[in-house]
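**Student:** Based on what follows, work out the 3D shape:
(chains A and B)
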Amino acid sequence: MTTTQAPAAPAPAPYGITFPRVLRSEWHKLRTVRSTWITALSAVLLVLGVGVLMGATYTSGGGDSDVDTVVLVLYGSQLSGVCLAVLGILVTAGEYSSGLVRATFAAVPGRLPVLGAKAAVLGAAVFVLCLLTNAAAFLTAQLFLDDTDQAASLTDDGVLGALAGNAAGVTLLALVALGLGAALRSVPGALGAFIGGVVVLPEVLGMLPYDAVDTALRYFPTQAAGVLGSATPLPGAPSAGAALLALALWAAAALAVPALLLRRRDA
Amino acid sequence: MIRAERLTKRYGDRTVVRDLSFTVRPGTVTGFLGPNGAGKSTTLRMILGLDAPTHGSATVDGRSYAAHPAPLTRVGALLDARSFHPGRTAFHHLMALAHTHGIPRSRVEHVLGVAGLSDVAGRRVKGFSLGMGQRLGIAAALLGDPAAVVLDEPVNGLDPEGVLWIRTLLTSLAAEGRTVLVSSHLMSEMALTADRLVVIGRGRLLADTTVADLVRDAGAASVLVVSPEADRLRALLPAPARTSPEGPDTLRVTGVDAPGIGRTAAAHGIELHALTPETASLEQAFMDLTRDSVEYQADRRPEPQGAAA
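**Tutor:** Predicted structure coming up:
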């Protein structure tokens, strides 16, 4: 098409979309709303609080003495995981409920980089947050546990791995939630799907009297995350590597669905 | 330059935009007019790549909007509904969008100033009035210093000062050589700002014209005549004349111009008290054009008069 008169509008500045810029935009969005800080703070307090409670009330040889040290100390991460899953849902589905998604997709019409950047930013933020929180919870709880049979140090076999594994598990669960939010485009819808499908469903299926179901369940997201967060191998559970792979595949699948739908859907 | 070519959008079996073609050129304000539900917003969303056309295409400077490496510098848009997170401040909202293109903080502060929002930039959008929300949307549209702006119903919710600000802004953007496309369902607003008009109804193109041509083509020029002998005059008027009574001594005449009516009256010695040529208003021209395509037409039947038994 030939235009006889080029638009006299301003000389083009070196503006343009790049993936690092989209990452920066999504990081800016994440840190400039209160809901991020509220969910993050709740997650931290839950892990620390439950960790201290577990440490302070523990008695050697009691009901919990066969529980893995890291699992015992990080009981709170089952609750904090839900908080951070909510954050994942808000990051994607929240944009649809506020209408911000139209401005976002007008700025980045390729759309896929937006989903990628959201997942990367949330994943990195949640992992770092959980890693630090887990280390703090472990060290605090150990102040109470050092004269019990649950006494352990960071350098003990499997401890660092389990603290990081727990953080990776929570992170991947949050990414599953983020993917659900992007696919369902509704905060209550995605929250329902996450609680129902990811948290409750495995518990219900676990009541079925079939061995095959039990075996399959060990690779479900919450079960796999549990394996990652244990310093000692859990009886009958897959290896940490297999659990990490399974959970990563769940997260990849949860992100692939909206990625496939994103280009075709009207915003 | 924005071009729509045989643009069609169907939702299920409902066709919202049908075979719509038009071109919006730089340096002018083009009004995009149509009654509510005519398909204006859908068309604008297709131009911005937010909705995918069922058939046809929309291009910006020869390519689809999404194909541009820096789309915010090509088209800045204010869309119909709110598109920001209520808990984020105006500044952070704009800054987040600016980051996607590497647009610096100084530009964000500049557009906040242009939109008159500098004082509330640090406030969360939740507390903004409808008018302030519109201003924030316009600030976002200007963020990339775009060659074209597309504004969907920008005067909605603005106070008179805001309306005046929009008019001045649109005119100056066009004067800078930018392409300006503004949708509205208010002809009167467009009459004050637009040079060209694209009028649609029920998703179809009704007119692609200038404001002046629209009035002329509407052609409903008429003459208002006041005479004590109105009835006699009506019978004497020459052939293409059509008359409708407007009052006891008042006629509206179409088909014959004022000198023609004056001559007829003089020839028969009929006294005239008034002979007033009237051109159709833009509003009237618009109503005539879109009469058949108004989606929600009010029931015009008169209320039954208190039937005394």
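**Student:** Where does the prediction get shaky in the chain?
**Tutor:** As the question left the chain open, I've gone with chain A. A:1-13 (pLDDT under 70).
**Student:** I was thinking of chain B, sorry if that wasn't clear
**Tutor:** Those would be B:81, B:216-220, B:279-282, B:293-309, if you go by pLDDT under 70 across chain B.
**Student:** which residue does it bring closest to chain A?
**Tutor:** The minimum distance from chain B to chain A, using Cβ to the nearest Cβ, falls at residue B:177 (3.0 Å). In this view, the C-beta of every residue, glycine as well, is placed from N, C-alpha and C.
**Student:** just checking, that residue is part of a helix?
**Tutor:** No: Residue B:177: not assigned to a helix; according to DSSP: H, G, I helix; E, B strand; the rest coil it is coil.
**Student:** Could you report the neighbour count for it?
**Tutor:** Other residues within reach of residue B:177, judged by other Cβ atoms under 10 Å in any protein chain shown, total 16.
**Student:** From what I see, it and residue B:25 are in contact.
**Tutor:** No: contact criterion Cβ atoms under 8 Å: residue B:177 and residue B:25 do not qualify, at 10.5 Å.
**Student:** ends of stretch B:230-250, how far apart?
**Tutor:** Length of stretch B:230-250, first residue to last, Cα to Cα, to the nearest Å: 7 Å.
**Student:** Mind listing what's buried along that stretch?
**Tutor:** Of the residues in stretch B:230-250, B:230, B:233-234, B:237, B:241, B:243 count as buried by neighbour count, 16 or more other Cβ atoms under 10 Å in any protein chain shown.
**Student:** Next step: those residues restricted to helices.
**Tutor:** The members of these that map onto helices under DSSP state H are B:230, B:233-234.
**Student:** rewinding a little: how near is the residue of chain B closest to chain A to residue B:169?
**Tutor:** 15 Å (Cβ to Cβ, to the nearest Å).
**Student:** now swap in residue A:217 and tell me
**Tutor:** 61 Å.
**Student:** rewinding a little: I'd like the ones in helices among the buried residues of stretch B:230-250 laid out as CSV, including distance to residue B:261.
**Tutor:** Formatted as CSV, those follow (distance: Cβ to Cβ, whole Å):
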residue, distance to residue B:261
B:230, 11
B:233, 8
B:234, 10
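**Student:** contacting residues for residue A:158?
**Tutor:** Residues near residue A:158 by Cβ atoms under 8 Å, 6 or more residues apart in numbering or on different chains: A:70, A:230-232.
**Student:** out of those, which is most surrounded?
**Tutor:** residue A:70 (27 neighbours).
**Student:** Number of residues surrounding the nearest residue to that residue once chain neighbours are set aside?
**Tutor:** Spatially, and ignoring its direct neighbours in sequence, residue A:70 is nearest to residue A:162 (3.9 Å; Cβ to Cβ, 6 or more residues apart in numbering or on different chains). By other Cβ under 10 Å, 27 other residues sit near residue A:162.
**Student:** Could you do residue B:55 as well?
**Tutor:** Using other Cβ under 10 Å, residue B:55 has 13 neighbouring residues.
**Student:** Enumerate the residues of the stretch 151-300 of chain B near chain A.
**Tutor:** Within the stretch 151-300 of chain B, the positions adjacent to chain A are B:176-179 by Cβ under 8 Å from any Cβ of the partner chain.
**Student:** Please verify my assumption that residue B:66 contacts residue B:49.
**Tutor:** Yes: counting by Cβ under 8 Å, residue B:49 is a contact partner of residue B:66 at 4.2 Å.
**Student:** anything in contact with each of the two?
**Tutor:** Residues within reach of residue B:66 and of residue B:49 at once, by Cβ under 8 Å, 6+ apart, are residue A:109.
**Student:** And the host helix or strand of residue A:119, how far out from the chain middle?
**Tutor:** Using DSSP states H and E, residue A:119 maps to helix A:112-145. Put simply, helix A:112-145 sits 8 Å off its chain's centre (Cα atoms, centre = their mean, to the nearest Å).
**Student:** Please enumerate the helices of chain B.
**Tutor:** B:40-47, B:71-74, B:90-99, B:105-114, B:130-142, B:160-175, B:187-193, B:211-218, B:230-236, B:258-267, B:282-290.
**Student:** and of those, who's closest to residue A:191?
**Tutor:** Closest approach to residue A:191 among these (Cβ to Cβ): helix B:90-99, 23.9 Å.
**Student:** contacting residues around residue B:59?
**Tutor:** Residue B:59 touches A:1, B:2-3, B:5, B:65, counting by Cβ under 8 Å, 6+ apart.
**Student:** again, 7 Å this time
**Tutor:** Applying Cβ atoms under 7 Å, 6 or more residues apart in numbering or on different chains to residue B:59 gives the contacts residue B:3.
**Student:** Next: residue B:12.
**Tutor:** Contacts of residue B:12 (Cβ under 7 Å, 6+ apart): none.
**Student:** Please parse chain B into its domains.
**Tutor:** Per automatic domain parsing, the domain ranges recorded for chain B read B:2-216, B:222-278.
**Student:** Residue B:1 against residue B:25, yeah?
**Tutor:** Yes: look at residue B:1 against residue B:25 with Cβ atoms under 7 Å: they come within range, at 5.9 Å.
**Student:** Residues in contact with both of those two, list them for me.
**Tutor:** By Cβ under 7 Å, 6+ apart, the residues touching both residue B:1 and residue B:25 are residue B:179.
**Student:** Check the buried residues of stretch B:230-250 and tell me the two furthest apart.
**Tutor:** The most widely separated members of the buried residues of stretch B:230-250, counting by Cβ to Cβ, are B:230 and B:241 (13.1 Å).
**Student:** Check the gap between the nearest residue to residue A:198 once chain neighbours are set aside and residue B:2 for me.
**Tutor:** Closest residue to residue A:198 apart from its sequence neighbours, by Cβ to Cβ, 6+ apart: residue A:221 at 5.3 Å. Using Cβ to Cβ, residue A:221 is found at 46 Å from residue B:2.
**Student:** before we move on, the earlier item: quick one: is the helix holding residue A:119 near chain B?
**Tutor:** No: Helix A:112-145 lies apart from chain B when judged by Cβ under 7 Å from any Cβ of the partner chain; the minimum separation is 8.6 Å.
**Student:** With stretch A:259-267 instead?
**Tutor:** Yes: interface with chain B: stretch A:259-267 contributes A:264, A:266-267 (Cβ under 7 Å from any Cβ).
**Student:** Out of these, give me the one that has the most neighbours.
**Tutor:** Neighbours here mean other Cβ under 10 Å. Within these, the largest count is held by residue A:267, at 23 neighbours.
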